[in-house]
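Engineer: The following comprises the amino acid sequence and a computationally predicted model.
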There are 2 protein chains.
Amino acid sequence: QPLKEVIFFPSEVACVEHIFTPGKANSCFCPLRHGVDTSFSRLLRHLMSASSSLDLCIFAFSNMDLSRAVVALHSRGLTIRVLTDKDYVAVSGSQIGVLRKAGICVHCVSCTMYMHHKFAVVDGRLLITGSLNWTLTAVQKNNENVIVTEEPDLLRPFIKEFQRLWEENDPA
Amino acid sequence: QPLKEVIFFPSEVACVEHIFTPGKANSCFCPLRHGVDTSFSRLLRHLMSASSSLDLCIFAFSNMDLSRAVVALHSRGLTIRVLTDKDYVAVSGSQIGVLRKAGICVHCVSCTMYMHHKFAVVDGRLLITGSLNWTLTAVQKNNENVIVTEEPDLLRPFIKEFQRLWEENDPA
Ligand SMILES: [Zn+2]
Ligand SMILES: [Zn+2]
């Protein structure tokens, strides 16, 4: 049975340091709760399970933990492609500049009113999609949903749509 | 195999009159294109397939065709429950007042920052969920996705989440 998981938000707030530095799981002394499994830590873990590629298609991206995750995957040598909305890039707190500075390839969609998708494809194998923008408010305050699935019938159309948007919005 | 369909937006613009009045399929003389299958007509058809109930959990609802669909289902005697964001109700063009005037039961979520979901459960059988708000801009201008599925593993959590939010936000 391919994975089919639904994660609801808002998420409890807890430390996610152990997801970035598994070796030091018990040595974080930040004021957040530790050793708690939350909606956000589940999302982050799925993302960090990537071993070869990440295609990300996201309207609003200001969450620094998620940005840290994407940069960490990039520095592990994964192929990262980020598609985002042209109008959101310059918004205060946007992490798109951080990604670009890290050397990650970003295409901006400018042919429509809004590129309103919020999905990621991990290793061409796992689809993460839903209502959740990658912001702190969305994660900690809003009622949101995220579907995480390996179901080929759902995965395939999203891979195709990503490729179509990626090629259509090539800055070159 | 349970239904698993992905619909992408923006949708082509075409007449949807035949979905509301199937008997008069060939008698509409509006200026829009006729006899065309679009993303929007597929969404509308899934919605109008409801025969007993519709649970709708939607952040922004201003699309008049979708409002017409919900009111039509209500007047057929279906049980309709609408959950929406308290801040969006008063927005210009919001269809929530139209639904309420038609006698449809609406609960507003006020305990979080935003009720940002965009999903519907048809007859407790079919899940419609994605990035798409029920606005004209989202349908006709934005890059959006909608998953339509009967997959029990995906359906069940959304039914449960709807019930939880519905009960938590009872105005009574
Ligand atoms: Zn910590
Ligand atoms: Zn017409």
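Structural biologist: That came through fine. Ligands and ions are numbered 1, 2, ... in the order given.
Engineer: Low-confidence ranges, chain A, go.
Structural biologist: A:25, A:172 (pLDDT under 70).
Engineer: SS state for the closest residue to ligand 2 within it?
Structural biologist: The minimum distance from chain A to ligand 2, using C-beta to the ion, falls at A:Met113 (23.9 Å). Placement of C-beta: from N, CA and C, glycine included. Following DSSP: H, G, I helix; E, B strand; the rest coil, the label given to A:Met113 is coil.
Engineer: For burial, what's the neighbour tally of it?
Structural biologist: Residues lying near A:Met113 (other C-beta atoms under 10 Å in any protein chain shown) number 14.
Engineer: hang on, it packs against B:Thr137?
Structural biologist: Yes: using C-beta atoms under 8 Å, A:Met113 is in contact with B:Thr137, at 5.7 Å.
Engineer: Wait, a strand at A:Ile159?
Structural biologist: No: counting by three-state DSSP, A:Ile159 falls outside a strand, being helix.
Engineer: which SSE is the closest residue to it other than its chain neighbours in?
Structural biologist: For A:Ile159, ignoring the flanking residues on the chain, the nearest one in space by C-beta to C-beta, 6 or more residues apart in numbering or on different chains is A:Val121 at 5.7 Å. Assessed by DSSP states H and E, A:Val121 sits inside strand A:118-122.
Engineer: Flag every residue of chain A that's near ligand 1.
Structural biologist: Proximity of chain A to ligand 1, by C-beta under 5 Å from the ion, involves residues A:15, A:17, A:28, A:30.
Engineer: how about A:Leu54, phi and psi?
Structural biologist: When read as degrees, to the nearest 10, the backbone of A:Leu54 gives phi -140, psi 120.
Engineer: mind listing what A:Leu127 touches?
Structural biologist: By C-beta atoms under 8 Å, 6 or more residues apart in numbering or on different chains, the contact set of A:Leu127 is A:119-121, A:147-151, A:154-155, A:158.
Engineer: of the residues you listed, closest to B:Gly93?
Structural biologist: Nearest to B:Gly93 among those is A:Phe119, at 27.3 Å by C-beta to C-beta.
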